[in-house]
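Asks: Next comes the sequence, and after it the predicted model I'd like to discuss.
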Amino acid sequence: MADSMDEDMSEEPVPLRQDLTCPVCQGIYQDPVLLPCSHSFCRVCLQRSLEIKKRCPVCRGEFEEGQEIANRALRDACETFLKHSSWRPNYKPASEDICNIHLKPLELYCEKDEEPVCVDCVSLHNTHRLWSLREGAPICKKELGFKVQIFEKKMELYKKTTQKLNKAVEHITHQAGQAEKQIKAEFEKLRQELVKEEAIRLQALGSEEDEKIAALRELNEKTKRDIVALKDIIDSLKKEMGNEDLPLLRNFKTLKKKAQWTGEDPCLREDSLLNMDKHVGALSFKIWKSLQAHVKYNPVVLNPNTASPWFSLNEDLTSVKESKERLTVPDNLGRFDSCLFVLGAEGYTSGKHRWDIIVGDNPKWVVGVCKESVARKKKFTISTKRGVWSIGLSKGVYTALTPERTELQVQQRPERIRIKLNIDKGEVSFWDGGTAKHLVTLEHKFDEKMFPFFGPGLHDSPMILAPGKIAVHTS
C-alpha cells in the first residue's frame, strides 16, 4: 500500500504543486491573499509576517494594512488540486529559529530592519549592514541598555514625584483645616454681631410696644372718666327738663352754660400703632448694612500658592513678611521658588482696578502688576520686558523698573503706594497713597491676564494690603 502511494505521489505534477505552494509555510495555499506587488500568501502566514513588519515576505516591498485582497482564482485552483490529488500537505510547526521565507536557520542580524535573517535573505538585504548573531546581540543590548538607563532615571523622577504628591496631600489637609478654623471663627463673629443686632432690634420693638400700649391705656382710662362726666351732665339735663315750664325757662341760661363739653374727642392718632416699617421693612438689608462696621473689605488678597517658601502670610492673606526659616510647601508650578515674590489671588483681563499697599519703612520692596506667564521657577531681572510693570525702592532710590531704570523724584518717603490698573486703556499708574501725588504711569497693551505683583523683600515688618472702603449704593 505504501508502494502504491509512492507511485501516486510520483505521478503528481510537481511543478503545479510548487506553483500552488505558499512561500512562507511551504504548504498548499489556504485562503490565499494577493498583495499589490503580485505575491500571494496564506492569509494566516501573511498576518504572522505582519507582526514583524508591513512588508512583503518575498520582495520586501512595503504596503499598507488592508491592501491585501482575496485571491479567489488561486484558492479555487488549490481546492481543485487537493480534491483530485493524493498529495496532502505535511504541515510542520513553524520554528522561531528558522526563516519563515526560506526555512533556513537564522544566522545573521540586519541592523536596518532590526531582525534576524538567514543566508538566503542576504540578496533581499544587499544594501543593509548584516552582522553575525554574536555581533548583533551586543548592539541590541547596548541600545536596550540606554533605554533601561532612561527608564531608571524616569522611575526615580516618578518616585520623587510621588513623595511630592504625598506632601502636597498633607499640605492640602493642613490648608483645609486652617481654612475651616478661620471660616468657623468668622461666622461665629458674625453670629455674635447678629445676636447683638437682634437683641437691639427686639428691645426697640418691645420699648415701642410698651410705650404705645401705655398711651392707649391712658387714653382709654381718660375716655372712661369722660363717659362718667357725660352721664352726669345727661342725667342733670334730663332732670331739669322734667321741671315745670317756668322754672325750666328761668334756669335755661344757666343750664345751657353747664351743658358745655370742652374735652377732646378720643381717637386713635396716626402714631398710635407700631411703626412696622421701622422694625421689619427691608429688614435683611438694614441688618446687612449695620454689619458693615464689622466687615473688612480688601480689593486684593494674596495667593499663598504663589508665595516664595521664604515668605510668611497672615491668616486672612492681607500681609506678607520674611519667614525665619524656609517653609515646607509644595513645589507647585505657580509658586515662585528662586525669586522672592507673591501674586494677588485674582487676575484681571478688563476694567479698572485699584489697591493700596502699606510698605511702611521697609528699605527694599517692589510692587506692581505682572503677566500670568511670568517666570516662576528661575531668577530674572524685573522689567517690563519680563512681563512685570512695577516700581521699587532700593538703597534709598525709588525707581520705575523699566529697561532703562527711570528714577522717581519723591519729596517725602511714601508709606503707602497706590496702584491704579486700567486694562482697557493699557495703563498702570503709581501714586503716593498718603498724599495722592502721582509718581509714574507705565503704558502697555495688556494681551493676557494681569495679576497684582509684590516683592516685599526679607524684612521683619510686613507689607500690608490696605483695606478698601465699603459703600452701599441703592437704586
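Replies: Sure thing, it's come through.
Asks: And stretch 151-166, how far out from the chain middle?
Replies: 24 Å (C-alpha atoms, centre = their mean, to the nearest Å).
Asks: swap in stretch 325-335?
Replies: Distance, centroid of stretch 325-335 to centroid of chain: 18 Å (C-alpha atoms, centre = their mean).
Asks: swap in stretch 426-434?
Replies: Centre-to-centre, stretch 426-434 and its host chain are 30 Å apart (C-alpha atoms, centre = their mean).
Asks: Touching it from outside, list them.
Replies: Applying C-beta atoms under 8 Å, 6 or more residues apart in numbering, the contact partners of stretch 426-434 are 356-357, 367-369, 389, 391, 400, 410, 414-422, 437-446, 466. Placement of C-beta: from N, CA and C, glycine included.
Asks: Sitting in strands, which of the residues you listed do you find?
Replies: Those of these mapping onto strands are 356-357, 367-369, 389, 391, 400, 416-422, 437-443, per DSSP state E.
Asks: Report the buried members of those residues.
Replies: 356-357, 367-369, 389, 391, 400, 416-419, 421-422, 439-440, 442 (16 or more other C-beta atoms under 10 Å).
Asks: Give me the helices and strands touching the longest helix anywhere in the chain, please.
Replies: Secondary structure of the chain per DSSP state H: the longest helix is helix 133-241. Secondary-structure packing of helix 133-241 (3 or more C-beta pairs under 8 Å, 6 or more residues apart in numbering; DSSP states H and E): strand 108-110, helix 245-258, helix 276-280, helix 283-290.
Asks: out of the ones you listed, nearest to residue 82?
Replies: Between residue 82 and these, the tightest spacing by C-beta to C-beta is seen for strand 108-110, at 35.9 Å.
Asks: Residues in contact with that closest one: which ones?
Replies: With contact meaning C-beta under 8 Å, 6+ apart, strand 108-110 is reached by 115-119, 121-122, 125, 128-133, 135-137, 139-140.
Asks: Quickly run through the sheet partners of that strand, with directions.
Replies: strand 115-117 (antiparallel), strand 130-132 (antiparallel) (DSSP bridges).
Asks: Give the closest residue to residue 233 in space, chain neighbours not counted.
Replies: residue 259 (6.2 Å; C-beta to C-beta, 6 or more residues apart in numbering).
Asks: So that neighbour sits against residue 237, correct?
Replies: Yes. Using C-beta atoms under 8 Å, residue 259 is in contact with residue 237, at 5.9 Å.
Asks: Show me what residue 421 is bridged to.
Replies: residue 353, residue 428.
Asks: so what's it up against?
Replies: Contacts for residue 421 (C-beta under 8 Å, 6+ apart) come out as 348, 352, 353, 354, 369, 427, 428, 450.
Asks: pLDDT for those - can I get that in JSON lines?
Replies: Shown next, in JSON lines, are the contacts of residue 421 (pLDDT from 0 to 100):
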{"residue": "348", "pLDDT": "96"}
{"residue": "352", "pLDDT": "95"}
{"residue": "353", "pLDDT": "96"}
{"residue": "354", "pLDDT": "95"}
{"residue": "369", "pLDDT": "97"}
{"residue": "427", "pLDDT": "96"}
{"residue": "428", "pLDDT": "97"}
{"residue": "450", "pLDDT": "97"}
